[in-house]
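>>> 3D, please:
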Amino acid sequence: MGKETERRDGRDSQDARRGADREGDRDVDRGGQDAAGDREGDGHGGGLRARLVTVGVELVDAEGAQALSLRGIARRAGVSHGAPRRHFPTHLDLLSAIARRGFAELAARIAAEDRAAAVPRERIALLARVYLDYAETRRGMYELMFRHDLLESGRLGLRETSLPLFAHLTGLVTRVRPDADPVVVAAALWANLHGIAQLRHWGSLRLATAGGDPAPLLAAALDAHLGPAEPGR
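Now for the predicted structure:
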C-alpha cells in the first residue's frame, strides 16, 4: 500500500509539473503576441505591455520619476517581478516607453490648442503656454521625458518621438524670424522655456519676482528671441 501511494504521488507531481509547464508556455506565447503587436509603440494597445506602460504613467504621476523601478511597476500591475522583462529587456526600455506616452500627450495638447489661422508668433505663444502648463501639471512625466540618458540611448525611437515637436517650433520660428537661423532661435527659446519651468517648480521665480505667474516672463522671452510683435507675424 505504501508503494502504491508513492506511485500515485509521483504521477500527481508529474501531472502538476506538466500543467505548470503548459501554463508557462502559454504565458510566453501571450507575451510574445503582446510584444509583436506593440513592439514599436508606446503601449497604447492591449496586453501586458500596455498595462505596464499605463501603470508606469500612473506611478510617475503619483510619486515621480524616481519611483519607476521594474519591481515597483510589476508590483503595482499585479504581475511577477520578472514579467516586465518579457517586453522590456532593460529598465531604459520601459522608461522610454513611458516617456513616449508623455511626448504623445504633450503633442496632443499642443495640437488641440493650436490655431492654424493665427499668426505664427501667436501660435508660438500658444505652444509655449501649453508647454509650461504641462511642465507644471505633469511634473513627474515632464522630468522623465527630458532625462538625458533616455534621449541619448535612443531606446524605442524616443528621440524620433520628441523631434517633431521641436521641428514644429522651428517651422514657426522660420516664419517669424526669416533673417535668423531658425534652429538656433528655436533651441534658445526652448531652453528659456525649460528654465522658466524649472525655476517655477523650485519656487525660485516666486522668490525673485515676488509672484508665481510665468506670463510676464513668457512675454519677455518671446520678445527676446522673436523680437517685438508685428502685424502678420
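>>> Just want the most central residue of the chain.
Ala99 (1.9 Å; C-alpha atoms, centre = their mean).
>>> Name the SS class of it, please.
helix (DSSP: H, G, I helix; E, B strand; the rest coil).
>>> next SSE after the lowest-mean-pLDDT helix or strand in the chain?
Ranked by mean pLDDT, DSSP states H and E, the helix or strand of the chain with the weakest confidence is helix 2-37, at a mean of 42. Later in the chain than helix 2-37, the nearest helix or strand by DSSP states H and E is helix 47-63.
>>> all helices of the chain, in order?
2-37, 47-63, 70-77, 91-113, 120-137, 139-145, 148-153, 158-176, 182-202, 204-209, 215-226 (DSSP state H).
>>> do you know how far the closest residue to Gly171 other than its chain neighbours is from Val176?
Among residues not flanking Gly171 along the chain, Pro182 sits closest, at 7.6 Å (C-beta to C-beta, 6 or more residues apart in numbering). (Glycine included, C-beta is placed from N, CA and C.) Pro182 sits 9 Å away from Val176, going by C-beta to C-beta, to the nearest Å.
>>> what do you get for Leu68?
From Leu68 over to Val176 (counting by C-beta to C-beta), the distance is 38 Å.
>>> Val60: what's it in contact with?
Ala67, Leu68, Ile98, Gly140, Met141, Leu144 (C-beta atoms under 8 Å, 6 or more residues apart in numbering).
>>> run the last query once more with 6 Å
For Val60, the contact set (C-beta atoms under 6 Å, 6 or more residues apart in numbering) comprises Leu68, Gly140, Met141, Leu144.
>>> Need these in CSV (columns: neighbour count and distance to Ala210).
What follows is the contacts of Val60, written out as CSV (neighbours: other C-beta atoms under 10 Å; distance: C-beta to C-beta, whole Å):
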residue, neighbour count, distance to Ala210
Leu68, 21, 36
Gly140, 20, 28
Met141, 24, 29
Leu144, 23, 31
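>>> Leu207: which of those residues is nearest?
For the contacts of Val60, the closest approach to Leu207 (C-beta to C-beta) belongs to Gly140, at 23.3 Å.
>>> The closest one against Ala65, yeah?
Yes - the pair Gly140 and Ala65 qualifies as a contact (C-beta atoms under 6 Å) at a distance of 5.3 Å.
>>> low-confidence ranges in this protein?
Along the chain, segments meeting pLDDT under 70 span 1-46, 155-156, 231-233.
>>> Try it again at 80.
1-46, 151-157, 159, 210-212, 230-233 (pLDDT under 80).
>>> Nice, that's everything, thank you.
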